[in-house]
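> okay, sequence plus prediction incoming.
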Number of protein chains: 2
Amino acid sequence: MAKKRIYLDYASTTPVDPRVFSAIKPYFSVKFGNPSSIHSFGREAGEAVEKARHQAADFFGCDQSEIIFTSGASESNNLAVKGTTIARISHSSQGKTKPHIITTQFEHSCVLASCKKLEQQGMAEVTYLPVGKDGVVKILDVKKSIKKNTALVSVMYANNEIGTIQPIREIGKIIKKENSERGEKIIFHTDAVQAVNYLDCKIDNLGVDLLTASAHKIYGPKGVGLLAVRKNTPMKRIQDGGGQEFGMRAGTLNVAGIVGFGEALEIAEKERPRNFKIVEKLKGHMVGRILEEIQGVKLNGSKTKRLPGIANFTVRDVEGEGLLLGLDLEGIAVSTGSACSAADLRPSHVLAAIGLSEEESHGSLRVSLGKYTTKQEADIFVDTLKKVVDRLRMIAGK
Amino acid sequence: MAKKRIYLDYASTTPVDPRVFSAIKPYFSVKFGNPSSIHSFGREAGEAVEKARHQAADFFGCDQSEIIFTSGASESNNLAVKGTTIARISHSSQGKTKPHIITTQFEHSCVLASCKKLEQQGMAEVTYLPVGKDGVVKILDVKKSIKKNTALVSVMYANNEIGTIQPIREIGKIIKKENSERGEKIIFHTDAVQAVNYLDCKIDNLGVDLLTASAHKIYGPKGVGLLAVRKNTPMKRIQDGGGQEFGMRAGTLNVAGIVGFGEALEIAEKERPRNFKIVEKLKGHMVGRILEEIQGVKLNGSKTKRLPGIANFTVRDVEGEGLLLGLDLEGIAVSTGSACSAADLRPSHVLAAIGLSEEESHGSLRVSLGKYTTKQEADIFVDTLKKVVDRLRMIAGK
């Protein structure tokens, strides 16, 4: 392809920051030891993992022993939802009521599918909270849905398709108050995958017990994630075997991946104010131009409570799929929703949750910017989008 | 460290082959797309994954749709053991007998721990077959232990601590015969992690339904494994979420890791005869010198049915830990057993299974050679081992 391509799908995955790549490079062929080995090769790998654990602990404001490295956010979310539910079942005396989970209708599919699996197996009952038209969960809904047997509340920090930010601190306060009055505590989990680049993720500030993060969304490598687990949070491991990760996750550690994750977190922390400002400004410019220059476009989700990087539009009289392909032909990468279900033609569960009709959902597009996005790229995108929308509407006779 | 270090712990992990590293390098910062995305960045990542899936399918003699990439062998083994058991339970009508699993006492900890978890949860009954003093499972033992409710047989292809090769083909034939006479088939799984470098791993030749492999044991990166799953093998996924890996394993694909795994498999296949010969010869030289020049040393496990790479010794009147540390001080890396439980001071379950006393087990050492091992390294190791054994025996007054 002669033309330089433009990537506007940062919410799906990000390129590895060259500084991250430099950091991980030695851990393939030179410092290749297994951190579980006690000889010098093992120790140097182990020290690298401990450095990354330290970087992660600094980022999330917790102790190093509270960081469990996993193979990615899907594993972390499976562990958070299932691991805490199984721990609650093992702990409670038999014959008691099932644990109750509160989550939302627009969580990532790995949280929803984990909840559904537990329901199917008769291990939990689940409340899927509705979401406001603004794409924000109502604090009162969380409060009202808490029951005697509520064991877990899992609410994402920022939505991956529409970018809206959820009131995690406020929910954290409600749960803290509830917990002060009950024996078996409610565990609070947040999937912070999309938030890490831009928002404060200190677990104490948020009031969460469990927090999920993923390296490849923050300019780190794919195949590595983590679950921050506040001390004394009852949770059983899912993957059995060796005693790695404080007994909570068996399997040889992905040293290069973990080193890269640590580095990516440190860079994200340092550059957060700068990246937030730059990306926010660029997105404002892009969204402004789109709403002004293309007729019949609506921005989905709250205009204020949102991440700088993600914009989700509904474009009247066109199919998102057609838009995506039209833009792709011009070398521009955007998406119609979560990459995890890109091949799935059903309308997005997120857009349905905020009240979009099937037709509106099918005419939707997610554009996600990142720290490498330039003003020129944003402008070329808007110009091309105009052309593609015009063309599609002409074909459709609108 | 001025002196060049010597790595003789290839069974624990291997350095990434420079050719593998070259292959994976572009997939961090350049071809960084999410293979689930349908735009050009996603497609180029997806094509790379499909190439690797093709390489893996060639290696294991199966269809590309029969390869499920995972985060490593621990995950693959958990999926194999639990996924098939859960599928059997879901399929069988309620009230029936529990599924029965046959495995061996010296499997990798992730297989044993998965079996134990199923037992604890009341989901399966498990037979842990004994192992002969030669470190080989008796075919007749497998045959005799098959019951009406046997759902899964899981026997490793080659043991990771002592290197003995198991009669997988023969067990496969027994199970095939059994299956010809029963409705619900017995599923046959082998953990082939240690075998991939040296032995034929075509699933049809072995007669297995499921086969586990890991990249980092074959000069590929850590954090990626696979489970080859013969078509129509009933298995439920463990990690829920997006529909990746034919619905059997949710989570964004670790593109670089998978690309590296494919490349490592292709290289392993090509170089197998050469590597087998070279490593076998080197090990023969090393073992010969040790048994001849150091008194009171015994080689554990069959002398013939073994991998070229692994030798496990019991050294009279010394502690393996002391040996390991003494050698480490001289820059030589060996191990006392599986790296997964290196920090665990209990005697190896593998050595116990082949009848070693606790004392003998504590005096044991695993030396594992690889394709980069040189004759000079093997000789320096033997010379140093002599010195360290002498010193330790002197200290102990033996």
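Ah, there it is.
> check contacts around A:Ile294.
A:315, A:385-386, A:389 (Cβ atoms under 8 Å, 6 or more residues apart in numbering or on different chains). C-betas here are computed from N, CA, C, even on glycine.
> save these as a markdown table, and put in secondary structure, neighbour count and pLDDT too.
What follows is these, written out as a markdown table (DSSP: H, G, I helix; E, B strand; the rest coil; neighbours: other Cβ atoms under 10 Å in any protein chain shown; pLDDT from 0 to 100):
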| residue | secondary structure | neighbour count | pLDDT |
| --- | --- | --- | --- |
| A:Val315 | strand | 24 | 95 |
| A:Leu385 | helix | 26 | 97 |
| A:Lys386 | helix | 14 | 97 |
| A:Val389 | helix | 25 | 97 |
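> which two among those are spaced furthest apart?
Farthest-apart pair in the contacts of A:Ile294 is A:Val315 and A:Lys386; separation 10.8 Å (Cβ to Cβ).
> dump the contacts of A:Ile294 into TSV; add distance to B:Ala195 as well.
Converted to TSV, these look like this (distance: Cβ to Cβ, whole Å):
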residue	distance to B:Ala195
A:Val315	55
A:Leu385	53
A:Lys386	58
A:Val389	56
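> which of those are close to chain B?
Applying Cβ under 8 Å from any Cβ of the partner chain, the subset of the contacts of A:Ile294 adjacent to chain B is empty.
> closest to B:Asp17 among these?
A:Leu385 (44.5 Å).
> state the distance from the closest residue to A:Lys96 other than its chain neighbours to A:Asn179.
Using Cβ to Cβ, 6 or more residues apart in numbering or on different chains and skipping residues adjacent in sequence, the residue nearest A:Lys96 is A:Asn149, 7.7 Å away. With distances taken as Cβ to Cβ, to the nearest Å, A:Asn149 is found 14 Å from A:Asn179.
> need the nearest residue in space to A:Pro167, chain neighbours excluded.
Using Cβ to Cβ, 6+ apart and skipping the chain neighbours, the partner closest in space to A:Pro167 is A:Ile139 (5.4 Å).
> distance check, that neighbour against A:Cys62.
Where A:Cys62 is concerned, A:Ile139 sits at a distance of 24 Å (Cβ to Cβ).
> more neighbours, those two?
A:Cys62 (19 against 16; other Cβ atoms under 10 Å in any protein chain shown).
> quick check, pLDDT for A:Met1.
As predicted, A:Met1 sits at a pLDDT of 46.
> what of A:Gly95?
Looking at A:Gly95, its pLDDT stands at 55.
> now A:Gly72
98.
> now it: phi and psi?
phi 150, psi 180 (degrees, to the nearest 10).
> tell me if I'm right that it and B:Gly251 touch.
Yes. In this structure, A:Gly72 is within contact of B:Gly251 by Cβ atoms under 8 Å, at 4.9 Å.
> those two - which one has more neighbours?
A:Gly72 (32 against 29).
> residues contacting that one?
A:214-216, A:222-225, B:71, B:251-252, B:254.
> returning to what we had before: isn't the residue nearest to A:Lys96 right next to A:Ile101, touching?
No. At 9.8 Å, A:Asn149 does not count as touching A:Ile101 under the criterion of Cβ under 8 Å.
> which residues of the stretch 201-350 of chain A lie near chain B?
Counting by Cβ under 8 Å from any Cβ, the stretch 201-350 of chain A sits next to chain B at A:214, A:216, A:221-224, A:238-244, A:250-257, A:324, A:327-328, A:331-335, A:338-344.
> so which of those sit within strands?
A:214, A:332-333 (DSSP state E).
> does stretch A:151-166 come close to chain B?
No. In terms of Cβ under 8 Å from any Cβ, no part of stretch A:151-166 sits within range of chain B; the closest distance is 11.5 Å.
> how close does A:Arg237 get to A:Ile68?
9 Å.
> what does A:Ala192 give?
Distance, A:Ala192 to A:Ile68, using Cβ to Cβ: 14 Å.
> repeat that for A:Arg274.
For A:Arg274 relative to A:Ile68 (Cβ to Cβ), the value is 30 Å.
> kindly report the same for A:Ile238.
Taking Cβ to Cβ, one finds A:Ile238 at 11 Å from A:Ile68.
> check A:Asp390 too.
Using Cβ to Cβ, A:Asp390 is found at 50 Å from A:Ile68.
> of those two, who's got more company?
A:Ile68 (26 against 13).
> identify the residues contacting the helix or strand hosting that one?
Taking DSSP states H and E as the definition, one finds A:Ile68 inside strand A:67-70. Residues outside strand A:67-70 that contact it (Cβ under 8 Å, 6+ apart): A:49, A:52-53, A:56-57, A:60, A:76, A:79, A:224-229, A:245-246, A:248-249, A:253-254, A:258, A:261.
> go with 7 Å
A:53, A:56-57, A:76, A:79, A:224-229, A:245-246, A:248-249, A:253, A:258 (Cβ atoms under 7 Å, 6 or more residues apart in numbering or on different chains).
> buried among these? Need that as a selection in PyMOL.
Command for PyMOL that selects the buried part of those, burial taken from 16 or more other Cβ atoms under 10 Å in any protein chain shown:
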select buried, chain A and resi 53+56+57+76+79+224+225+226+227+228+229+245+248+249+253+258
